[in-house]
Structures are given as C-alpha cells and as structure tokens.
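Fold the stuff below for me.
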Amino acid sequence: MIRARKLAKSFGSRPALHGIDLKIARGEMFALIGPDGAGKTTFFRLVAGLLLPTSGSVARDDVPFGLLPQRFSLYEDLTVDENLRLRASLYGVPRAEAGARAADLLARVGLDRFGTRLAGALSGGMKQKLALVAALLPRPALLLLDEPTTGVDPVSRREFWQVLNALHHEGLTIVVSTPYMDEAEYASRLAFLDDGRLVASGTRDEILAAYPRPLVEIATNALGEARTRLAAMPEVDDISLFGTKLHVRGREKTEDFLEGRVAAALKGIVSADSIRRVAPTLEDAFVLFSENGEEVDQPIRSAPPSPPPSSPSKKSPDSSSDILLRCENLTRKFGDFTAVDRVSFEIPRGRVFGFLGPNGSGKSTTIRMLTGLLRPTAGTVTGFEGLDVVRDVEVWKKRLGYMSQKFSLYLDLTVRENLEFFGSIYGLSRPRLADRVGALASRLRFEPLLGELTENLSTGQRQRVALAAALLHEPELLFLDEPTGGVDPKGRRLFWDLIYELAAARGMTVLVTTHYMDEAEQCDRLAFILDGRIIADGSPHDLKQSLEDRLLEVGLSSEPFAALASVKGDAALEDAYLFGRRLRAVANPGAGEQAARLLSRFGSPSPAEPSLEDVFVSLARSAATPATPAETSAA
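Numbering: from 1, shown residues only. Predicted coordinates:
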C-alpha cells in the first residue's frame with residue numbers, strides 16, 4: 001500500500017527525515033512511534049502528497065485515503081452536521097449515502113446527539129472523534145491517523161480503538177502514530193523513528209526480543225529514597241517511573257547480577273520480594289530507543305528532591321493556613337445548562353492535586369473559574385490568604401500560572417520571542433527574564449528550538465514551551481490543563497520530574513488534569529468530576545481500594561478485540577477491556593470465581609493490581625447519566 005525508498009525531507013537546513021526505507025502492506029494495522037519531532041507528521045504529510053520529498057521517493061497505491069492530522073482541521077464555526085455535509089460534498093459523496101453513513105459513524109463514536117453543536121464548542125476529545133468521522137465519510141481504503149487519541153479520555157479511547165478495530169477487520173489499511181504504547185500494541189507491525197531515522201521496525205514481539213538490557217521492577221512507596229540510592233549505582237543506566245512502580249535498566253553486561261545489587265542498595269526500604277526481573281514493555285523500548293548517543297552517556301536523572309523541613313508542604317494538613325485554595329459550591333451555567341454543579345474542594349499548599357474526568361465533564365470550565373478567566377454563576381473561590389477570585393481578580397491572576405489545554409502562544413513568533421513577550425507581561429526585568437528563559441529551555445530541553453518559529457514545532461515541543469511560559473514568573477499556584485497531551489513517554493517523564501521538583505523542593509502548588517492515568521498516580525490527591533459534579537475524591541491508594549480483589553487479567557496470543565467481544569456483557573463482569581495484549585476484567589462483587597472461569601478459555605488468569613484507569617472507567621460507567629444535546633464544551 002505504501003512504499004518509501006531512501007525517503008528524505010529537509011526544511012531549509014533542518015533535516016526532518018533521513019533515508020527512510022519502509023513498506024506497509026494492504027490490510028495492515030501499522031503503528032509509527034517515536035519522540036516529539038522525530039518525523040512522524042512529516043512522514044504522514046509526504047504519504048498524503050501534502051509535501052514533496054527532498055530526495056528518495058514515497059509511493060501510495062491509487063486508492064481513496066483519509067487523513068486525520070494532529071491539529072483539528074474542520075471548521076469551528078460550523079455545526080457537526082454542517083461540517084460533515086461539507087466534507088461529503090467536497091468528496092462527491094451522494095447526499096443520501098452521506099447522511100446514512102454520517103449517522104452510523106456518529107453513533108459509533110458517541111456523537112449522534114451533537115449534530116447541531118458548533119464544532120468549536122466541542123471538547124478536545126469530541127473534536128478528535130468528529131475528525132475521524134469526517135475522514136471516514138468517503139469510505140477510504142487507507143486511513144492515516146496522526147495521534148488520533150491525544151486529549152481523549154480513557155473511556156473514549158477504548159471506544160475509539162474498538163471502532164478502528166472494526167474498520168480494520170472490514171479491510172481498511174490503517175497507519176497510526178500514538179504516544180500511548182498500549183495502543184501501539186494493537187498494531188500488526190511497528191516502526192520507531194528517532195531524529196528522522198528509522199531505528200527499529202517489526203512486530204511487537206520482534207522489537208521486544210531485541211531489547212538489549214536487563215530490567216528490574218520495584219514496587220515501593222519510598223520512591224524518592226529509592227531513586228536517590230539507585231542513582232548512585234554505576235550498574236544502573238536509567239530509572240523510569242511507571243505508575244506506582246520503578247523500572248530500573250542496567251548497563252551492558254549486568255544481566256547476571258543487577259537484581260541482587262539493586263536489592264542490596266535498597267535494603268531497609270524495599271523488601272526483596274518487591275524487586276524482580278521483568279520483561280521489557282514497549283514503553284521501556286521507547287525510552288531506550290529515543291536516547292541518542294549524547295544522552296545515553298550522560299549521568300542518569302537524580303531523584304526529585306525531598307521537601308526541606310521548612311517547605312510549606314510539610315505543614316499539618318489540619319492547619320487552615322495550609323490550604324492555598326478553597327472552592328465551595330462552585331457553579332457555572334450556560335443558559336439552561338449547568339456545566340459545573342456545586343463543586344467543592346480544597347487544595348493544600350505544596351501538593352499536586354489531580355482533577356480527572358471524561359471529555360466534556362467540566363474540568364476546563366472549573367479551571368477557568370479558578371483562574372479568574374470565567375465568572376462563576378454561584379459559589380465562591382478563595383485563597384492566597386484571604387483573596388477572592390471575583391473581588392480580587394487582577395491580584396489573583398498575578399499569583400498563578402496557567403497552561404491551557406488549547407495552545408495559546410503565538411505561532412508567528414519564535415520560541416524565544418514568545419517567552420520574552422510573556423515575561424514582559426509578567427513584569428520580569430530583562431536580566432531576570434533572560435535567566436529564566438535560559439534555565440527553563442535547558443530544564444525542558446528545547447534550547448535548540450529557541451530560534452524556531454513556534455508554528456514549526458511538533459505538538460509535544462509546543463507543550464514544553466507552553467509549560468515554560470507558565471513558569472516564567474515562578475507562580476505560587478500552577479494550573480496545568482492536560483499538559484502532556486501529545487507528548488511522548490520520555491517527554492512526559494521530563495514534565496513530571498519538574499512537577500515533583502516544583503511541589504516538593506519549592507512548595508509550589510499544582511492542579512493538573514490529565515488523561516494519562518499513570519501520571520495521575522503521582523498526585524497527592526485526586527477528584528473525579530462527571531457531568532459537572534464531583535463523584536469521588538481521595539488519594540490514589542484509597543480510590544483503588546474499591547476494586548481490590550476484583551480485577552483479573554490474562555495474556556492474549558492473537559485477536560484481542562475478538563476475545564474482548566466474547567466476554568463483554570457477561571453477567572459475572574462489571575467491565576472488560578484491553579490493555580495492550582492483555583484482557584482485563586472487573587468481576588462483579590461475589591462473582592470472582594465465575595469471572596476466572598470465563599477468562600480461563602484464553603489462558604491462566606491472574607489477579608491484577610487495580611490502576612487508576614480501572615477506577616476512572618468504573619466511576620464513569622457507574623455514575624454516568626445520559627448526556628443531553630445541551631452539553632457544553634466543558635472539557
């Protein structure tokens with residue numbers, strides 16, 4: 001279907017792809033993965049004919065194709081139905097056929113109630129679903145998807161991939177890039193790009209079999225102390241945090257003794273039975289492959305610093321002065337629709353507070369009220385030792401930083417010009433601003449991009465720059481609205497290392513929304529919002545207790561979606577879903593044995609540790625009520 005031979009593309013003096021040789025067969029589900037700026041989007045644009053190669057060639061079978069780009073490309077001032085009618089007319093789809101196909105596709109992705117909604121009023125995840133429907137309207141034989149689930153919540157991601165699998169089984173060839181490694185596992189083959197070069201390709205099993213280093217997994221609550229000790233070990237090449245566990249990668253020729261030396265180094269804080277050798281995951285492979293020669297030889301990252309004794313985060317949680325922000329019965333209505341309904345919570349100083357919920361649940365609307373950008377209909381927001389967000393809005397804004405879900409920097413300015421502009425708004429002196437720009441560019445690793453037009457950056461690179469802009473003035477309270485959407489796994493580690501540092505060492509308070517549940521595991525406290533109401537809150541550990549002893553999983557050798565379909569809806573299960581090549585099932589209370597028998601047809605099921613994604617989906621499905629067309633874009 002697609003054939004690239006020595007494919008190269010440069011933009012001026014900057015090379016984007018170097019001599020790519022790649023074949024993608026008709027009927028494949030093919031995944032393209034790699035760090036931000038690796039060349040994935042350039043490859044898609046070359047295949048689609050939107051760019052011409054600098055050298056080499058790329059050929060595509062002469063078949064209809066659809067392209068879903070990273071950036072929303074439909075008309076925001078048209079409704080869902082109007083956008084689809086326009087797309088159908090542009091591609092010559094007969095009106096009757098277009099109407100029936102649009103209705104079917106909208107129902108498949110859960111947008112059938114939103115035909116009269118302006119596209120610009122949809123949440124980020126809903127926009128992605130609409131873009132998929134638009135790409136599928138002309139019945140393409142080839143579908144090119146550039147990070148289609150960025151900004152999509154866990155429930156919608158599962159639905160999205162069920163739709164893709166059904167289309168694949170209907171004969172559609174799909175080429176997809178994704179920052180989610182569990183999604184990449186659904187592909188029949190993968191290719192890994194780094195710095196415009198093809199680093200590895202093959203099936204998932206082939207790529208993991210070639211992983212050259214030993215890995216040790218550590219389960220511990222003493223993450224900071226464990227990372228500090230591990231960082232001092234010459235045998236250790238990298239430390240990665242996956243949810244609540246550490247993955248420790250050994251250097252070459254440490255296979256025979258790494259586990260024992262790790263256990264010795266962690267003696268007294270981690271029991272020996274919590275340390276084990278493990279096989280690599282695709283995320284482990286991603287981290288390794290995305291390290292260029294310069295980075296591999298650098299010292300590994302040290303652990304985030306622990307809070308000093310005087311840190312605000314060490315205050316007693318019962319102290320009223322420990323609460324930096326408090327909202328009570330916060331409500332926002334748009335006409336007759338209530339987007340946020342009597343939301344109340346407190347954020348302690350120096351802590352990381354996670355705010356989770358599906359697309360359209362009210363997260364972004366709540367944040368806009370907390371930042372003073374949107375006036376509440378009712379309720380109060382107080383903080384910063386006596387300020388009120390309505391009464392003292394201008395003073396309030398100077399005390400916080402805000403990184404919005406929608407990229408808000410100027411595309412026609414360079415990275416440096418953007419940061420200098422925002423720094424001047426914050427009133428930073430010229431020397432202080434130069435110091436902050438340099439420090440943040442180094443910390444977030446975008447120094448080589450300072451002279452680039454922001455328009456030319458990848459999504460992940462833009463997110464790093466936007467985070468820097470929000471941190472220039474060193475705010476007391478930082479709001480991050482899906483900061484790692486579209487950021488690769490290695491970049492996400494960089495973000496969260498910095499978040500730890502800001503909260504622990506400097507006492508900065510952080511409110512973050514995210515659809516990556518492994519990131520949510522790192523928050524001190526979480527609140528789940530659905531249909532504008534808080535439906536659960538607590539620490540990650542406390543929230544996962546609700547699914548304790550009810551979660552089972554079994555590995556699958558083939559046809560994962562068929563296996564899922566065969567157990568879905570069984571009376572013994574509250575839920576069943578795929579996580580990469582594993583089938584997971586949540587048993588109804590008291591139905592554990594029946595659930596185990598059900599899964600045993602695929603292998604030997606074993607108990608699984610509940611994740612926050614399991615909690616998210618369980619809460620969303622048990623508490624959800626039918627949505628109405630009046631739903632707003634309260635992402």
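
Would you mind writing the CA trace of stretch 399-418 as PDB?
The C-alpha trace of stretch 399-418 is given here as PDB (Å, rounded to 0.1, in the frame of the first residue of the first chain):
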ATOM      1  CA  ARG A 399      -0.200  34.800  41.900                       C
ATOM      2  CA  LEU A 400      -0.800  31.900  39.500                       C
ATOM      3  CA  GLY A 401       0.400  30.300  36.300                       C
ATOM      4  CA  TYR A 402      -1.900  28.700  33.700                       C
ATOM      5  CA  MET A 403      -1.100  26.300  30.900                       C
ATOM      6  CA  SER A 404      -4.300  25.900  29.000                       C
ATOM      7  CA  GLN A 405      -5.500  22.800  27.100                       C
ATOM      8  CA  LYS A 406      -5.500  24.800  23.900                       C
ATOM      9  CA  PHE A 407      -2.100  26.000  22.700                       C
ATOM     10  CA  SER A 408      -2.100  29.800  23.400                       C
ATOM     11  CA  LEU A 409       1.300  31.000  22.200                       C
ATOM     12  CA  TYR A 410       1.800  33.000  19.000                       C
ATOM     13  CA  LEU A 411       2.600  30.800  16.000                       C
ATOM     14  CA  ASP A 412       4.200  33.600  14.000                       C
ATOM     15  CA  LEU A 413       6.800  34.400  16.800                       C
ATOM     16  CA  THR A 414       9.900  32.300  17.600                       C
ATOM     17  CA  VAL A 415      10.000  30.400  20.800                       C
ATOM     18  CA  ARG A 416      12.400  33.000  22.300                       C
ATOM     19  CA  GLU A 417      10.100  35.900  21.200                       C
ATOM     20  CA  ASN A 418       7.100  34.200  22.700                       C
END
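
chain center to it, what's the gap?
19 Å (CA atoms, centre = their mean, to the nearest Å).

what is the mean pLDDT for that stretch?
Stretch 399-418 comes out with an average pLDDT of 90.

again with stretch 527-541
Here the average pLDDT along stretch 527-541 is 91.

ok, now stretch 58-69?
92.

so Phe495 sits right up against Glu482, yeah?
No. In this structure, Phe495 is not within contact of Glu482 by CB atoms under 8 Å, at 11.2 Å. For the C-beta atoms, the positions are set from N, CA and C on the backbone; glycine is no exception.

For the two, indicate the residue with more neighbours.
Glu482 (25 against 21; other CB atoms under 10 Å).

pretty sure the more buried one contacts Thr513?
Yes. Glu482 lies in contact with Thr513 (CB under 8 Å); the separation is 5.4 Å.

what residues do those two have in common as contacts?
Residues touching both Glu482 and Thr513 (CB atoms under 8 Å, 6 or more residues apart in numbering) are Gln405.

and the helix or strand harbouring Asp497, what's its mean pLDDT?
Assigned by DSSP states H and E, Asp497 belongs to helix 489-504. Helix 489-504 carries an average pLDDT of 80.

which residues in the stretch 351-500 of the chain form strands?
In the stretch 351-500 of the chain, the strands defined using DSSP state E, counting those that start in this stretch lie at 352-356, 378-383, 387-388, 400-403, 477-481.

can you list the ones you listed in a markdown table and add mean neighbour count and distance to Pro138?
Formatted as a markdown table, the strands of the stretch 351-500 of the chain follow (neighbours: other CB atoms under 10 Å; distance: least, CB to CB, whole Å):
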| stretch | mean neighbour count | distance to Pro138 |
| --- | --- | --- |
| strand 352-356 | 26 | 36 |
| strand 378-383 | 18 | 47 |
| strand 387-388 | 16 | 53 |
| strand 400-403 | 22 | 37 |
| strand 477-481 | 23 | 34 |
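
want to throw these into JSON lines with distance to Ala107?
Shown next, in JSON lines, are the strands of the stretch 351-500 of the chain (distance: least, CB to CB, whole Å):
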{"stretch": "strand 352-356", "distance to Ala107": "27"}
{"stretch": "strand 378-383", "distance to Ala107": "36"}
{"stretch": "strand 387-388", "distance to Ala107": "45"}
{"stretch": "strand 400-403", "distance to Ala107": "35"}
{"stretch": "strand 477-481", "distance to Ala107": "29"}
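
Can you check which of the ones you listed gets nearest to Thr54?
If you check each of those against Thr54 by CB to CB, strand 400-403 wins as the nearest, at 34.9 Å.

Run through who's touching that closest one.
Contacts of strand 400-403 (CB under 8 Å, 6+ apart): 367, 371, 373, 466-467, 469-473, 475-481, 483.

same thing but at 10 Å, please
Strand 400-403 has contacts (CB atoms under 10 Å, 6 or more residues apart in numbering) with 324-325, 367-368, 370-373, 383-384, 408, 426, 463, 466-483, 502, 508-512.

In PyMOL, select just the buried ones from these.
Buried residues within the contacts of strand 400-403, by 16 or more other CB atoms under 10 Å, are selected in PyMOL with:
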select buried, resi 324+325+367+368+370+371+372+383+384+426+463+466+467+468+469+470+471+472+473+475+476+477+478+479+480+481+482+483+502+508+509+510+511+512
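
Where does the prediction get shaky in the stretch 451-600 of the chain?
Low-confidence segments of the stretch 451-600 of the chain, defined by pLDDT under 70: none present.

can you pull out the helices in the stretch 351-500 of the chain?
Using DSSP state H, counting those that start in this stretch, the helices found in the stretch 351-500 of the chain span residues 363-370, 393-398, 415-425, 430-443, 459-471, 489-504.

which of the ones you listed sits most buried?
Of all the helices of the stretch 351-500 of the chain, helix 363-370 has the most neighbours on average by mean count of other CB atoms under 10 Å, namely a mean of 25.

Sounds good, over and out.
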